[in-house]
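>>> Need the 3D shape of this:
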Amino acid sequence: MAQESDFTTAEEQAIQALVREYILSHPEIIPEAIAILQQREELARRIALDEAIVTNRQRIEYDGLSIVVGDPSSALTFVEYYDYRCPFCYENHPAIQRLVSENPDVRFVFKQFPVKDIPGEYPVSLLAAKMAMAAEMQGKFLTFHDTAFIAERPLRESDLLAIAEMAGIDMGRLLADMDDPRIIESIRENLIMARNVGITGTPTFIIGGQIYEGLQSYQTLQQALDEAWSRTRTTAEAKVTGQE
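Next up is the predicted model:
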């Protein structure tokens, strides 16, 4: 049964007409309305992304395939999804180098995420990702990684081969190892997991389970590590005292 406060069809049509007339008379409110809608959509996306990271955190941090630098037994993990052709990854790299150097007690996980290749062109991002993982098989990942991120842009296949040679990598073994099924599976797993949780761009960082998207300053990332350590230690103390 309709309540007394319900509008009749005629009243609803009249209200809609008034609203339409107002919008047409004041089109300046349209950008504001669109901005509010975009903010709501972004908030919903972030909430869904945060929830997906929590659900998949163990699998992201401990996939058994990605390259690990630092303390492999650390209670705190710093994850980076990156692409060697990404200009923001290139710009962020000095901060990452400093973080790795100054935080030896952190477990750094480097996720190959080659998404910058252009259809129809040579897949430089994918080649670089495979080279990086093959370099790790010779204990040369960081040397290759750091050299690749200081090389002139744009990166080409010949540049990557030269970088590998400068890093002192056994080239014959490198080219053979690049086709190792474990490398292909690792890259595939990264792409699938990123799609499942909603990671779309590079760089993307996950620090102690908290996600940070896009170019970040050293200060922001170090603060994120400090806060993550605080959360980790608080959780550990709660477990010891039985208060969790």
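>>> Where do the helices of the protein begin and end?
9-25, 29-61, 87-102, 124-136, 141-148, 157-166, 171-177, 181-197, 218-241 (DSSP state H).
>>> wait, what's in contact with residue 54?
Residue 54 sits next to residue 209 when contact means Cβ atoms under 8 Å, 6 or more residues apart in numbering. The C-beta positions use only the backbone N, C-alpha and C, and glycine is treated the same way.
>>> Please report how far it lies from residue 60.
Computed as Cβ to Cβ, to the nearest Å, the residue 54 to residue 60 distance reads 10 Å.
>>> before we move on, what about residue 25?
Residue 25 is 51 Å from residue 60, by Cβ to Cβ.
>>> These two: which is more packed in?
Comparing residue 25 with residue 60 by other Cβ atoms under 10 Å, the one with more neighbours is residue 60, at 24 against 9.
>>> Was I right to think the more buried one contacts residue 80?
No - with contact defined as Cβ atoms under 8 Å, residue 60 does not count as touching residue 80 (11.3 Å).
>>> Next one, pLDDT for the residue nearest the centre of the chain please.
With distances taken as Cα atoms, centre = their mean, residue 204 lies nearest the centre of the chain, 2.2 Å away. At residue 204, the model reports a pLDDT of 98.
>>> low pLDDT regions in the protein?
The model of the chain has pLDDT under 70 over residues 1-5, 236-244.
>>> now do 50
Applying pLDDT under 50 to the chain picks out residues 1-2.
>>> wait, residue 130 sits on residue 178?
Yes - assessed by Cβ under 8 Å, residue 130 is found in contact with residue 178 at 4.3 Å.
>>> And the nearest residue in space to residue 217 that is not next to it in sequence, how far from residue 73?
With sequence-adjacent residues excluded and distances taken as Cβ to Cβ, 6 or more residues apart in numbering, residue 217 is closest to residue 95, at 6.6 Å. Noted for residue 95: a distance of 24 Å to residue 73, by Cβ to Cβ.
>>> Of these two, which one has the most company?
Remark: of residue 95 and residue 73, residue 95 carries more neighbours, 18 against 7, as counted by other Cβ under 10 Å.
>>> Just list the residues touching that one, thanks.
With Cβ under 8 Å, 6+ apart, residue 95 has these contacts: 216-218, 221.
>>> Most widely separated two among the residues you listed?
216 and 218 (8.1 Å; Cβ to Cβ).
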